[in-house]
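Q: give me the fold of what follows.
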Amino acid sequence: MAFKGLLTMGKDRFEEDVAQMGAKMSVQTTREMQVFSVVVPSEMSTAAIDKLYRIICELDLNDHEVCQEKNRICFELNDNDTNPKQLVFDYLHATAFQGTPLAQPVMGTSENLDKFDEVMINNFMCEQYQPYRIVLATSGRVCHDKIIQFAEPRFGGIPPQPCREPEPGPNRYTGSQVVYRDDSMPFCYAAIAFEAPGYFSPQYLSMLLLTQIVGSWDRSQSRGENHAALVARAASCANLCERYDTFYIPYRDIGLWGIYFVADKWKLDEVVSYIQDQWLQLCTMARSTDLERGLNALRLMLARQYGSVVSSSHDIGKQMLYTNGRKSIDHLLQNLNQIKVSNIRNLATQIMYDKCPVVAVVGPSETMPDYNRIRAGQWWLRV
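A: Numbers count the residues shown, from 1 in each chain. Next up, the predicted model:
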């Protein structure tokens with residue numbers, strides 16, 4: 001609905017103005033935030049900010065556009081149900097954060113879609129689009145003082161909402177499993193994850209480093225037998241899986257860290273066994289070479305976040321929203337250089353060793369180990 005026109009400007013005129021500015025507008029919604037982005041020549045930066053302000057305060061919510069949007073979302077919901085990876089992560093959040101807002105899918109449900117109308121949208125906008133909830137981030141050849149002078153009377157002048165719901169408390173994690181078995185699918189899609197520190201945690205960088213150490217692999221990569229990660233070597237040499245990806249999903253006060261993999265239905269037990277061996281090796285015998293390899297990969301990833309005005313402005317906005325400040329890349333690199341191998345072992349032990357995982361599986365899951373076996377595999381009998 002964001003680009004369907006304004007109360008003072010029809011849809012066609014709005015699209016024409018955006019085209020004349022040479023702008024590209026997009027919107028992205030996650031479980032905790034909504035991001036409106038505009039890429040525009042620097043001399044049109046104030047005009048782009050004005051467009052964002054008008055979208056928030058003057059959005060046209062006529063019945064025809066609302067009905068069309070409901071139909072489009074209905075098709076997206078159907079597409080989402082045919083995307084195994086998306087289903088896995090929706091199930092993963094639903095079982096990990098039971099009874100909390102993070103358990104809800106980003107796309108919503110068909111039940112909520114039926115209730116979607118102008119009144120619901122207005123209530124949502126009045127509650128969420130408040131000055132204390134908004135971060136305006138710009139990147140590129142723009143003047144900071146000019147942006148502040150232009151934006152403050154607009155966004156700061158949004159009337160506050162007198163009656164609002166209290167802020168939600170800490171999100172609760174529950175170790176559990178959900179399996180959607182479908183033997184007609186050619187491969188099984190699964191994810192195993194653990195409770196992890198959130199974005200605000202001082203261990204955030206270490207979590208990113210842990211992710212880079214385990215890494216990822218798929219069949220398009222050659223010479224997998226020489227890969228540094230145990231899981232990748234096993235997958236390549238023994239034909240265990242089609243791909244695996246290590247992920248870290250940080251939220252305000254909590255996160256999920258784990259592995260997503262795609263494998264043949266008869267090899268799930270072996271894949272899980274190798275994954276757990278890799279994890280427990282990090283807990284007990286992480287090496288300096290693992291640390292150095294992870295640091296190099298993480299430095300490259302952080303540099304890419306500052307490589308364009310789009311990714312840079314997104315990073316500024318996220319840091320301001322979560323931490324009320326922004327750390328430069330030099331500061332982040334200095335913090336990385338202080339991480340030792342013992343820090344990685346301690347962090348891996350803290351989040352994984354003898355801890356309850358969450359498991360989500362979609363597809364032919366006959367050989368997927370039972371949850372109790374997976375839980376028991378998170379510790380070694382050592383003397």
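Q: same for the lowest-mean-pLDDT helix or strand in the chain, what does it pack against?
A: Lowest by mean pLDDT, DSSP states H and E among the helices and strands of the chain is helix 110-114, with a mean of 81. Judged by 3 or more Cβ pairs under 8 Å, 6 or more residues apart in numbering; DSSP states H and E, helix 110-114 is in contact with helix 63-81. Heads up, the C-betas are built off the backbone N, CA and C, glycines and all.
Q: next secondary structure after the helix it packs on?
A: Following helix 63-81 in sequence order, the next helix or strand is helix 84-96 (DSSP states H and E).
Q: with only the CA atoms kept, save that following helix in PDB.
A: C-alpha atoms of helix 84-96 as PDB (Å, rounded to 0.1, in the frame of the first residue of the first chain):
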ATOM      1  CA  PRO A  84      10.600 -25.000   1.400                       C
ATOM      2  CA  LYS A  85      13.300 -22.700   2.800                       C
ATOM      3  CA  GLN A  86      10.800 -20.000   3.800                       C
ATOM      4  CA  LEU A  87       8.600 -22.700   5.400                       C
ATOM      5  CA  VAL A  88      11.500 -24.100   7.400                       C
ATOM      6  CA  PHE A  89      12.400 -20.700   8.800                       C
ATOM      7  CA  ASP A  90       8.800 -19.800   9.600                       C
ATOM      8  CA  TYR A  91       8.400 -23.100  11.400                       C
ATOM      9  CA  LEU A  92      11.700 -22.500  13.200                       C
ATOM     10  CA  HIS A  93      10.600 -19.200  14.600                       C
ATOM     11  CA  ALA A  94       7.100 -20.500  15.400                       C
ATOM     12  CA  THR A  95       8.600 -23.300  17.600                       C
ATOM     13  CA  ALA A  96      11.500 -21.400  19.000                       C
END
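Q: I'd assumed Glu58 was in contact with Thr8.
A: Yes. Counting by Cβ atoms under 8 Å, Thr8 touches Glu58, with 5.9 Å between them.
Q: before we move on, the earlier item: buried residues, the next helix or strand after the least confident helix or strand of the chain. List them.
A: Per DSSP H and E, the first helix or strand lying C-terminal to helix 110-114 is helix 118-128. For helix 118-128, the neighbour count (16 or more other Cβ atoms under 10 Å) marks Met125 as buried.
Q: what about the helix or strand just after helix 118-128, average pLDDT?
A: Downstream of helix 118-128, the first helix or strand assigned by DSSP H and E is helix 144-155. Confidence for helix 144-155, expressed as mean pLDDT, is 90.
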